[in-house]
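In: I need the structure of the sequence given here:
(2 chains)
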Protein chains: 2
Amino acid sequence: MDLSSFLTSLGTSCVIFVLLVLLFSWLSKKPGNAVVYYPNRILKGLAPWDGGSRTRNPFAWIHEAMSASERDVISMCGLDTAVYFVFLGTVLGILVISSIVLLPVLLPVAATDDSVKSTSATTSKGTFSDFDELSMGNIRAKSPRFWAFLIAVYWVSFVTYYLLWKAYTHVSRLRAHALMSPEVKPEQFAILVRDIPPVLQGQTRKEHVDHYFETIYPGTFYKSLVVTDNKEVNKIWKELEGYKKKLAHAEAIYAESKTISKPEGARPTNRTGFLGLFGEKVDSLEYYRGKIHELIPKLESERKITLREKQQDAALVFFTNRVTAASAAQCLHAQMVDKWTVTDAPEPRQLIWANLKIKFFQRQLRQYVVYFVVALAIVFYMIPIGFISAFTTLHNLKKLLPFIKPIVNAKALKTLLEAFLPQLALIIFLALLPKFLLLLSKAEGIPSVSHAVRAASGKYFYFTVLNVFIGVTVGGTLFTTFKTIEDEPNSIVTVLANGLPGNATFFLTYVALKFFIGYGLELSRIVPLIIYHLKRKYLCKTEAELKEAWFPRDLRYGTRVPGDMLIVTIVLCYSVIAPLILPFGVAYFGLGWLILRNQALKVYVPSYESYGRMWPHMHKRILASLILYQVTMFGYFGVKKSVCAPLLIPLPILSLVFGYVCSQKFYRFFQDTALEVASHELKEIPNMDQVFRSFIPLSLRSEKNDDDQFEDALSEQAASRAGPFV
Amino acid sequence: MDLSSFLTSLGTSCVIFVLLVLLFSWLSKKPGNAVVYYPNRILKGLAPWDGGSRTRNPFAWIHEAMSASERDVISMCGLDTAVYFVFLGTVLGILVISSIVLLPVLLPVAATDDSVKSTSATTSKGTFSDFDELSMGNIRAKSPRFWAFLIAVYWVSFVTYYLLWKAYTHVSRLRAHALMSPEVKPEQFAILVRDIPPVLQGQTRKEHVDHYFETIYPGTFYKSLVVTDNKEVNKIWKELEGYKKKLAHAEAIYAESKTISKPEGARPTNRTGFLGLFGEKVDSLEYYRGKIHELIPKLESERKITLREKQQDAALVFFTNRVTAASAAQCLHAQMVDKWTVTDAPEPRQLIWANLKIKFFQRQLRQYVVYFVVALAIVFYMIPIGFISAFTTLHNLKKLLPFIKPIVNAKALKTLLEAFLPQLALIIFLALLPKFLLLLSKAEGIPSVSHAVRAASGKYFYFTVLNVFIGVTVGGTLFTTFKTIEDEPNSIVTVLANGLPGNATFFLTYVALKFFIGYGLELSRIVPLIIYHLKRKYLCKTEAELKEAWFPRDLRYGTRVPGDMLIVTIVLCYSVIAPLILPFGVAYFGLGWLILRNQALKVYVPSYESYGRMWPHMHKRILASLILYQVTMFGYFGVKKSVCAPLLIPLPILSLVFGYVCSQKFYRFFQDTALEVASHELKEIPNMDQVFRSFIPLSLRSEKNDDDQFEDALSEQAASRAGPFV
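Out: This next block holds a predicted model:
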């Protein structure tokens, strides 16, 4: 790829970005779109924006995002989001501070040497872009100029250590602050107990659990909630809720049809068969009412059966104070580790009930099986990605698919295609993965959504970095250096180092595309806007349906982080080789920080809170990228036959020691709640009944006479049934 | 070494053993020796043996040792000793059950083949012992007879898994039983807190600690005991105790000298200089009294200074119930892991006060430094050991030191020397090591003696197995196969496998020597007996001195286990190659079990109790030996070009999985106390003051007016001093 196609790609992306921002400024001012652009504020009962709508500056959002404090972010979008901003801020800091030294020093050093020009005659193709003159590739082998680059590698590393340490301390403080909050949070009073051993003869499971914890915590044990298999009851409950919605919808249609001219209205009808398209035609109102009437007693009886017969060997145990709950979640309770396993309870909304019953060793086995599957996937996806990257240079495409020659030869199209094709292929491919990985992570038997998201995010990271970065770099040079790898399979570091400069422009374009188009779409929210307006016009009849149509999703940091990490890896690895990539990295994280801050403050609503548990993973991955960078640089210096190469060996070791010290010092607090934190005073005496009820799934809450029935069922069962649960 | 020298060695050892046993039977019946042969019983206030001394059968001890239950062992010698017997029993079980199948099957299979005879013509020396015909070395390459040996390897492995699993379950139950004992044990009410952060202005360290734990455990916190630097006060206290003993000694001499003929007696004198041999001659009684008079106020003032000024950032914290203490010892208290580090308190008698003040990261650093030193030692001791084993074959000695030829050529002497020389060299060398390793382990900053012993024992194990077993095996074949190793450094498994059969007799002799001589000396206690009688006759004047002279040491399982493990490794590795080693292994562990049981019941007094924490290490090491055995067998099958070799690959993997499952299931209970165990009821309400006082070191206990002063000093200081401890 030469300079012109790069500039074309950059220019096009930039124009699209500007257009999207203008579109956002225009659309977001319309009151009818407020629910799309300000749903988080609206849900919190705030006005879409402060001050009158007339006087609003179209770029006020920039000022608002910049001036919002971390506390605002936490209160609007939760701690996890704030931690994500710490991540963005830390990376931005690393890149900015690196740029300040690297750009003014390395660019002149590289530009004044002439390795590229002098060797271009001897290379096979001789198509060197103008960028290469500003990169390390332009330095002659064995040149003393490498000292400057060596110092640059050390500078980047130490900046990273310093900022990572600061960030870890900061996040640890944020987490402590959130956990010591005087608000009553139900999950802080509960623990999750799994692997409950078979109950003794003449005892119910609930008695068993109660007795066990009553003995150990005589003063502070409150109550237990035995986990049940809710599959059946959930199904009925969902069906019932579906019919209720449909009934409301039909009623709204009926009410609408009662115009003045036709006061009796037209009763809506529907078909009972597949998708409402086939089968007998019936009166909707009556049909739905009948269905609801039929389902309510069915749900009620299934509820009772579930509570009595479908108890699993897991339970939630409640304590009357936070310290006991925090301490109970960390302690070994039974002699054998695979009995009475305890963990801290996740929030009620993110508990994965179906996973709770999975046994200790089965969880371990599942985990290893999943790791194995992911490892296989990583290895075997590497091949197609390598081919994609090798094929999608137009030169290769023309050779392999001669019929596309006429299309490709059109000058403008060629430039455009050459600029976007490989990057688009990559982005689409990467978009398909997260769902699959989340599914796998849930299959491991993880008890909470946030944990599953973290696990999936980790897999996605390895996938991305290994496949995209190493795959493309090695793959891109595959056709030229295939022989080398075949001869010495462990020369991968050298191949990687050799491949880096040639792929610099590919990655430059990738980064630019990602931040201009990606963040442009993110800010303008065109897709949600269109969907909302279509739904509003044609589908939604009731208030509830309308709210469902605009209700925002959450920030999805789980999939954002691996994407960002790919950029971090790319930018770090190229930071010294081709320092020109640094401004792009800065732009990516700067724009990202700004635009996502706007989204966090105004759009997204967190769907769970893990109290910053994502941070250690982010920290570890930045460090992993740094180590990859240091190793690659060692390889690259070696390729360039520089005498400095051995001086780079201490760096990866230093990084490992740094990582070890950090995980020793900070990590455990991200697994367990420190007791000094939990022992802070609460604002009020917790309403334990409310805490307990908040963990009962919706489908098990009886609607008739408050929630009493749930408890009745449990205590009834405790009294009447004895034994058969063994 | 040929058959005759082996039989000589075996015969000599056996005769010595029988003599020692007879000596024991004779000596132990004499009432004057009771304190040497039955000190444990005497200390517990029991008669040396049950029944009258006249009627005692000289071999009654065998019956008593056999019939003693595990409960007896625990009550006489503590849980750690009982766990050591589980270890002996498990290994014995493995060897016996293996023998039952291996001996009748493999010996005939090996004896009826003829590889040794047919190839002996082609080998360089042609000195094959008769044993080799009964070993796997006698099987021709590629013979189908290897299937029998393959099945034998699997049999041994599965027997080991089964017995290890049973033993782990059993020890876990023993530990639980000991921990849930209704007796009040002070260490179960305390935790050890280290890395206390700097105290705030205007607070003493004690207030700081008290406030911290009072907040977290409002109902159950009892008191704290801040750790002090006792070096100075201990020194003075020891000096004082020394003078007190000397005074008592001198008084006894003076009293003795007052015979009827000379009623005024002779006042004993001594010299004040070095070792009492130089300097001015003084009257002992006055001199010692003067010294004691001088030291008491000095000790008192140093005591006060220590309590006030020499406080360290560690403390013992006491709780009013076991569950809270057990739970507090497991929980994360502070946000940063390197602050307020908690562990369960060891027994007062085994607390290493000097190590308590060492900081978190310093401990880690020290640990790695020690590991590094040990690794260096292992690698560099390997060279001399290899040479010892190569030199000490007489053949080599004669060649290298021609002047010893006449001595060596004497037939009887030659056989004897050839039989004992290498083994003696080995045993003496191994005897020098443990002290050094214990010193290193204490330098890691470990807070309790039992933990340091475990750490040293682990190092000793690696030392022994790596150096002795691999060193001798590889070293013994070094002169013949040095070229092979030089060419392919990773052919060590092959070299090891090749070296095994040639060294079989060496190890047979080693095992026999060790159990006959070692256990003979152990049972007869000749050395302690002689020392006791000498001391009693010439040195001891007072009752206290006499008691000191016969007071038994403990079982020292820390150094026994690595020695036993070496035997386990040797016997396991040879079990299939030369099954004849199995009876020797059975004899070693059988005799060991019997004789040590006698010693545990009657002689040794445990000096600390770790509640069976040694077991996971024993378990892991038996498994490590098994894996070494499996890998060696794989190498040996490969050397023999058997088609079965690949079928051995699953075994090491299976062993790793087994080890992983065991450590997952059982290990944590050996680190932490399970709460369900701690929640068992106590026999009485614990006297907390007594619990607290039991942790105060002897040197800090004031003798004058009970122990009140200690508390006074602490509370006084709390009131009067404010601030300067930052």
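In: could you list every residue that touches A:S143?
Out: Counting by Cβ atoms under 8 Å, 6 or more residues apart in numbering or on different chains, A:S143 touches A:D113, A:S642. (Glycine included, C-beta is placed from N, CA and C.)
In: Mind telling me what element the residue of chain A most remote from its centre is part of?
Out: Distance to the chain centre peaks in chain A at A:S261, reaching 53.7 Å (criterion: Cα atoms, centre = their mean). Using DSSP states H and E, A:S261 sits within no helix or strand.
In: do the same with A:S181
Out: Following DSSP H and E, one finds A:S181 outside all helices and strands.
In: which ones are touching it?
Out: Contacts for A:S181 (Cβ under 8 Å, 6+ apart) come out as none.
In: Quick one: name the residues of the stretch 51-200 of chain A near chain B.
Out: Selection of the stretch 51-200 of chain A residues close to chain B by Cβ under 8 Å from any Cβ of the partner chain yields A:S172, A:R173, A:A176.
In: Please, where are all the helices along the stretch 201-350 of chain A?
Out: Taking DSSP state H, counting those that start in this stretch as the test, the helices found in the stretch 201-350 of chain A are A:205-216, A:231-257, A:284-309, A:322-328.
In: so what secondary structure elements neighbour the first one?
Out: In other words, helix A:205-216. Helix A:205-216 makes packing contacts with strand A:221-228, strand A:311-319, helix A:708-720, helix B:675-678 when contacts are defined by 3 or more Cβ pairs under 8 Å, 6 or more residues apart in numbering or on different chains; DSSP states H and E.
In: Now the weakest link among those, please, by mean pLDDT.
Out: When the helices and strands packed on helix A:205-216 are ranked by mean pLDDT, helix A:708-720 comes last with a mean of 42.
In: Nearest to B:L22, out of the helices of the stretch 201-350 of chain A?
Out: For the helices of the stretch 201-350 of chain A, proximity to B:L22 was assessed by Cβ to Cβ; helix A:205-216 is nearest, at 56.6 Å.
In: And the contacts of that closest one?
Out: Helix A:205-216 is contacted by residues A:193, A:196, A:199-200, A:203, A:221, A:223-224, A:226, A:311, A:313, A:315, A:317, A:333, A:340, A:714, A:717-718, A:725, B:323, B:675-676, B:679 when judged by Cβ under 8 Å, 6+ apart.
In: what's the answer for stretch A:692-699, then?
Out: Stretch A:692-699 is contacted from outside by A:186, A:190, A:222-223, A:225, A:230, A:233-234, A:236-238, A:299, A:303, A:316, A:318, A:345, A:348, A:351, A:353, A:701, A:707, A:710, using Cβ under 8 Å, 6+ apart.
In: of these, buried ones?
Out: A:186, A:190, A:222-223, A:225, A:230, A:233-234, A:236-237, A:299, A:303, A:316, A:318, A:345, A:348, A:351, A:353, A:707, A:710 (16 or more other Cβ atoms under 10 Å in any protein chain shown).
In: follow-up on the earlier one: please indicate which of the contacts of helix A:205-216 are buried?
Out: Among the contacts of helix A:205-216, those scoring as buried are A:193, A:196, A:199, A:203, A:221, A:223-224, A:226, A:311, A:313, A:315, A:317, A:333, A:340, A:714, A:717, A:725, B:323, B:675-676, B:679 (criterion: 16+ other Cβ under 10 Å).
In: Beta-bridge partners for A:Q311, please?
Out: A:T228 (DSSP bridges).
In: I figured it was touching A:S224, is that so?
Out: No: contact criterion Cβ atoms under 8 Å: A:Q311 and A:S224 do not qualify, at 11.2 Å.
In: rewinding a little: now the residue farthest from the centre of chain A. Its backbone dihedrals?
Out: phi -70, psi -20 (degrees, to the nearest 10).
In: Can you tell me how far it is from chain B?
Out: According to Cβ to the nearest Cβ, to the nearest Å, A:S261 and chain B sit 71 Å apart.
In: Tell me how many other residues surround A:C14.
Out: The number of residues packed near A:C14 is 13, by other Cβ atoms under 10 Å in any protein chain shown.
In: How far off centre is the one helix or strand it maps to?
Out: Take DSSP H and E as the rule and A:C14 turns out to sit in helix A:3-29. Offset of helix A:3-29 from its chain centre (Cα atoms, centre = their mean, to the nearest Å): 26 Å.
In: And the helix or strand that comes right after that helix, what does it pack against?
Out: Moving toward the C-terminus from helix A:3-29, the next helix or strand (DSSP H and E) is helix A:34-37. The elements that helix A:34-37 packs onto, with contact taken as 3+ Cβ pairs under 8 Å, 6+ apart, are helix A:3-29, helix A:526-538.
In: So which bits of the longest one are buried?
Out: Residues of helix A:3-29 classed as buried under the neighbour-count rule (16+ other Cβ under 10 Å) are A:5-6, A:8-10, A:12-13, A:17, A:20-21, A:23-25, A:27-29.
In: Keep only those residues that also lie close to chain B.
Out: Among those, not one lies near chain B by Cβ under 8 Å from any Cβ.
In: And the residues you listed, which two are furthest apart?
Out: A:S5 and A:K29 (37.2 Å).
In: What is whichever strand or helix holds A:H451 packed up against?
Out: Following DSSP H and E, one finds A:H451 within helix A:449-463. Where contact means 3+ Cβ pairs under 8 Å, 6+ apart, helix A:449-463 is packed against helix A:360-391, helix A:411-443, helix A:557-575, helix A:615-639.
In: Those helices: which one's closest to chain B?
Out: Of all these, helix A:360-391 sits nearest to chain B, with 6.9 Å by Cβ to the nearest Cβ.
In: the inter-axis angle of the helix ranked longest in chain A versus helix A:557-575?
Out: If you go by DSSP state H, chain A has its longest helix at helix A:70-111. Put simply, helix A:70-111 runs at 20 degrees to helix A:557-575, going by axes from the mean of the first three to the mean of the last three Cα atoms, to 10 degrees.
In: Could I get the phi/psi values of A:T542?
Out: Phi and psi for A:T542, reported as degrees, to the nearest 10, are phi -110, psi 170.
In: still on that earlier bit, compute the inter-axis angle for the helix holding A:C14 and helix A:526-538.
Out: 40 degrees.
In: Contacts only, for A:I358.
Out: A:R194, A:R366, A:G445.
In: try 6 Å
Out: By Cβ atoms under 6 Å, 6 or more residues apart in numbering or on different chains, the contact list for A:I358 reads A:G445.
In: Look at A:M66 and give its secondary structure.
Out: helix (DSSP: H, G, I helix; E, B strand; the rest coil).
In: what's the neighbour count on it?
Out: Residues lying near A:M66 (other Cβ under 10 Å) number 11.
In: Roughly how far does it sit from chain B?
Out: 30 Å.
In: And for that residue, nearest residue in space, chain neighbours not counted?
Out: Closest residue in space to A:M66, ignoring its immediate chain neighbours: A:L594 at 7.2 Å, by Cβ to Cβ, 6 or more residues apart in numbering or on different chains.
In: name the element the one you found belongs to?
Out: For A:L594, the enclosing helix or strand under DSSP H and E is helix A:581-602.
In: how far off helix A:615-639 does the helix holding A:H451 point, in degrees?
Out: Orientation check (the same axes, to 10 degrees): helix A:449-463 against helix A:615-639 gives 10 degrees.
In: What is the neighbour count of the one residue in the stretch 1-150 of chain A that gets nearest to chain B?
Out: Distances between the stretch 1-150 of chain A and chain B by Cβ to the nearest Cβ are smallest at A:L79, namely 14.8 Å. A:L79 has 26 neighbours, counted by other Cβ under 10 Å.
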